[in-house]
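> sequence and computational prediction follow.
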Amino acid sequence: MRKIILSCALLAVTASSFAAPLATVSRLGFGKAWPFTREEMILQCRSSENGNALFAINNGTLAQYPLNDIALAQAKAGQTQAQPIEKILLDDPLNPSQKMSLAPIIERAEKLCK
């Protein structure tokens, strides 16, 4: 029920979200590959004239985080509000000087675009 309410609220926040596909993902589903400090996130694919913008959304605060260059460019251009993805990335336990890879998350978000 909470997921449904949050998804509805997200759709109401931005007009571009209305037709954009969403998926909820969690630490449970990704195991050790989970890159975020949050236990659960919403993924979104937004089609644009420049390609597909991929976002991770904090389902508690609805803050958006760009997952690819297209989403980052939209944020920099002021087309959407987004926070730096580094704010919510975990350190990689195998490489302490690096953050966890976003590759599995991006792969899952890209499936929303099809």
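Here it is on my side, so go on. Numbering: from 1, shown residues only.

> which residues are in contact with the most centrally placed residue in the chain?
Nearest to the mean C-alpha position of the chain, counting by C-alpha atoms, centre = their mean, stands A56 at 0.8 Å. Counting by C-beta atoms under 8 Å, 6 or more residues apart in numbering, A56 makes contact with F36, M41, I42, L43, Q44, Q64, Y65, L67, I85, I88, I105, A109. All C-beta spots, glycine's among them, are computed from the backbone N, C-alpha and C.

> pull the number of nearby residues for the last one.
Look at A109: counted by other C-beta atoms under 10 Å, it has 26 neighbours.

> on the three-state scheme, S47 is what?
State at S47, reduced to three classes by DSSP: H, G, I helix; E, B strand; the rest coil: strand.

> partners of it in the sheet?
Per DSSP bridges, the residues bridged to S47 are N52.

> and the next element down the chain from the helix or strand bottoming out on mean pLDDT in the chain?
Among the helical and strand segments of the chain, the one scoring lowest on mean pLDDT, DSSP states H and E is helix 2-13, with a mean of 53. Next helix or strand after helix 2-13 toward the C-terminus (DSSP states H and E): strand 22-26.

> would you mark the buried spots in whichever helix or strand comes after that following strand?
Sequence order places helix 27-30 as the next helix or strand after strand 22-26, per DSSP H and E. Across helix 27-30, burial judged by 16 or more other C-beta atoms under 10 Å covers R27, F30.

> remind me what helix 27-30 packs against, helices and strands.
Packed against helix 27-30, as judged by 3 or more C-beta pairs under 8 Å, 6 or more residues apart in numbering; DSSP states H and E, are no other helices or strands.
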